[in-house]
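Q: coordinates for the following, if possible.
(one chain, ligands or ions: 1)
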Amino acid sequence: MTAAPDHLPPLAGLESARLDWRQDDSGESAPHSSAFDDVYFSRHDGRAETEHVFLAANRLPERFREWQATRPFVIGETGFGTGLNMLCAWACFDAHAPADARLHLVSTEKFPLARDDLARALAAWPDLAERAAALVAQWPEPVAGVHRLWLDRRVTLDLHFGDTTERLALLDGAVDAWFLDGFAPSKNPEMWHDALFAAMAARSRPGATFATFTCAGVVKRGLRAAGFAWRKVPGFGRKREMLAGEIETPPADERRRATPWFTPPAARPARRVAVIGAGLAGTTVAAALARRGVAVTLIDREGPGAGASGNAQGALYVKLAADTNLQSRAYLAGLLHARRWLEALDPDQALWSPGGVLQLATGEREARRQARFLANHPLPASVVRGVDAGEAGRLAGLDLPHGGLDYPLAGWVRSDALCRRLAASDGVSAVRGEVRGLSPIAEDDENGGWRLTLSGDDGGDKNEEHTLEVDQVVIAAATASNGFDQTAALPLQPVRGQISRLTLPPGAPAPARVVCAGGYAMPPLNGQLTFGASFAPNDADATAREADHAFNLEELERTLPGYPAALAEAGADLSPAALGGRAAVRAASPDKSPYAGPVPDAEAWRHDYAAMAKDATRIPATPGRHHPGLWISAAHGSRGLSSAPLTAELIASRLCDEPLPLETPLADHLHPGRRVIRDLIRGQGR
Ligand code: SAM
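A: Take a look at the predicted model:
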């Protein structure tokens, strides 16, 4: 398959590993790759081999014991396979690392095992059973991209599905120790080439080590050429020798030559962080930071989920473009992430329902668009598939005249309750108040932190001001996010949206799945049917209107023809005056993608990149200047349930100096400064 138009590998499903189970030396059945004709591990001594080759040769027990940094120790691996190496690294970390240390695992895999094969392979190691269960439970769909898993409170695993060399080139993160695995070079020559070693070198921290089972000439030469020093050390079992070593000459970072403005700001202390705004954007960031041991003050004028995130029920859905683009990639990654994240946060599903979302094609044009989408994106049916009217009707439990796209992993969420739950996370202290001012504590000190001027704290006098000093600040205040001097250059548009709610009479029909087209309707919650939503850009009024209820009713008829009549027949009062509902104001960016990342110093950008206004090819080498320690998560529009959990991880990862959960081009796509540079290049910078 060729690269997609946005220069990333195709947004597609991956071929699963083809396995057979063969008896190893000791007569035990072990996973064997029929495609590569090689073993994943020996069931007899696979554990001991992993411990010798990858853990001991990277000196992990000692390095874990001595780990004092607040950032996590990062291991990078080529070829995740069954995950045995990574589970052993996790066990080794638990045995040796200090209690507050963290571990971040990054592994690539082009042919992911099917979930059942994974469980069967790992069943060989009873003492790893609990760790294996955490992995199997979160095992992602076989879709190209980054999949973040939370193995436990201290251990994160990013699975980069796709070809190793391609994935490492897209990785935004740096590694402390490499497990250079993969089938033997003789069996898998395509993987072991110079570009792989160069990509490893480019993603190595100073002093990064590596270990590999092989001593093949191509590996020795490639590692040396990429800047690694290696030595032969005794191999495991019958293998006489293997290689271990470290990065000696780290290569210059070339990645930002074409986009120096997106160079990430240097890491700085993050003991205390203030998050402004307690909607989905703010509460997800607060919880993500608190999970990393950061003390978070979450500030909101009205408390968690008061604004557009405060609907009792919100759809977890995406609408993907027919032709692949960065926005669609980010949203699909967000949906897959949100689903896994919700399962980990709330396994009992008190806060969400995974029932699926149907996106109906109510007209010819949309049907053609959906057909093009499916042709362009060979994704697993477990993620998205086309369904005809009969199948759509069966899934929705209603007679439907149209087919559409079905997203079985999507669903709906109790958005207001989710915000409250996250705001109550350990390590988050939620306060009521309005942030009236935001200023650096020390103008010249890069590590100086921020002073917030707050008013209206809980129970206090609304006009009484007090200050709060923190290391860093995340602004997540929807349309108010660009109300600070530092963020004024980031365009945000208010979009009013109103949902309608109806009490269902006994026996009234109701959708069994979220159904959407122009409007949407959700499965009933507590006997109430929620449908909507009106959409009015540049309207910042949050009072419910009968006219919007009337609009939502018309949209309901267009989406589900005949359904309003069936409701009326069952005894529902559909007059706009009889409907309940809620209006709120959402924030949107001009390109409709969220802002998630560091706040650019727009004035400095206009100065540093001024030459580009005349000639966009004259790219200065100057890295983008940012307001140090200031971040923003905003412009989630009406799709915050899909985007906010992932952008929260993006911001928390960058803030805490960890590998990112998204490929570099997607992190850049979400960068809050993208509009500043675009306008500058188009000569609209002033
Ligand atoms: N580390 C594994 C474990 O702990 O079970 C064993 C790795 S297995 C020997 C090699 C793995 O590399 C297989 O899962 C295979 O699918 C994967 N692989 C092979 N070529 C690859 C490539 N070009 N990109 C990514 N993964 C690849």
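Q: and this protein, which residues reach the ligand?
A: Counting by CB under 6 Å from any ligand atom, the residues of the chain close to the ligand are 17, 40-41, 79-85, 108-111, 163-164, 181-183, 188, 190-191. Bear in mind the C-beta positions are built from the backbone N, C-alpha and C, glycine included.
Q: so which of those sit within helices?
A: Cross-referencing the residues of the chain next to the ligand against helices under DSSP state H gives Leu84, Asn85, Thr164.
Q: about what we covered before: and the residues of the chain next to the ligand, which are buried?
A: Among the residues of the chain next to the ligand, the ones that count as buried by 16 or more other CB atoms under 10 Å are 17, 40-41, 79-85, 108-111, 163-164, 181-183, 188, 191.
Q: doesn't Gly581 belong to a strand?
A: Yes: Gly581: assigned to a strand according to DSSP: H, G, I helix; E, B strand; the rest coil.
Q: I'd assumed Arg501 was in contact with it.
A: Yes: taking CB atoms under 8 Å as the definition, Gly581 is a contact partner of Arg501 at 5.3 Å.
Q: tell me the domain ranges of this protein?
A: Using automatic domain parsing, the domain ranges for the chain come out as 46-251, 268-307+417-492+590-681, 501-582.
Q: what's the end-to-end length of the first one?
A: When you say that, I think you mean domain 46-251. 34 Å (CA to CA, to the nearest Å).
Q: do the second one as well
A: Distance between the boundary residues of domain 268-307+417-492+590-681 (CA to CA) amounts to 30 Å.
Q: and stretch 379-395, by the same measure?
A: End-to-end distance for stretch 379-395: 20 Å, by CA to CA.
Q: how about the helices in the stretch 201-350 of the chain?
A: With DSSP state H, counting those that start in this stretch, the ranges of helices along the stretch 201-350 of the chain come out as 217-226, 280-291, 326-345.
Q: most tightly surrounded among the ones you listed?
A: Greatest average neighbour count among those goes to helix 280-291 (a mean of 29), per mean count of other CB atoms under 10 Å.
Q: so where's this protein uncertain?
A: By pLDDT under 70, the low-scoring segments of the chain are 1-6, 444-447, 457-463, 684-686.
Q: closest one to Arg340 among the domains of the chain?
A: domain 46-251 (5.6 Å; CB to CB).
Q: ok now the closest one, how far from the chain's centre?
A: Between the centre of domain 46-251 and the centre of its chain there are 21 Å (CA atoms, centre = their mean, to the nearest Å).
Q: longest strand in the chain, by residue count?
A: strand 493-503 (DSSP state E).
Q: who does the following helix or strand past that one pair up with?
A: Using DSSP states H and E, the helix or strand that directly follows strand 493-503 along the chain is strand 514-516. Strand pairing for strand 514-516, using DSSP bridges, gives strand 357-360 (parallel), strand 520-521 (antiparallel).
Q: distance to Thr50 and mean neighbour count added to the ones you listed, as TSV?
A: Below are the strands paired with strand 514-516 laid out as TSV (distance: least, CB to CB, whole Å; neighbours: other CB atoms under 10 Å):
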stretch	distance to Thr50	mean neighbour count
strand 357-360	41	27
strand 520-521	49	27
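Q: any chance of those strands in CSV, with distance to Pro564 too?
A: Compiled in CSV, the strands paired with strand 514-516 are given as follows (distance: least, CB to CB, whole Å):
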stretch, distance to Pro564
strand 357-360, 16
strand 520-521, 10
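Q: and Leu157, that one's in a strand?
A: Yes: Leu157 forms part of a strand when assessed by three-state DSSP.
Q: all further residue positions should be reported with the first residue as 2.
A: Got it, the first residue is 2 from now on, which makes the last one we talked about Leu158.
Q: ok, it to the ligand distance?
A: For Leu158, the distance to the ligand equals 12 Å [CB to the nearest ligand atom, to the nearest Å].
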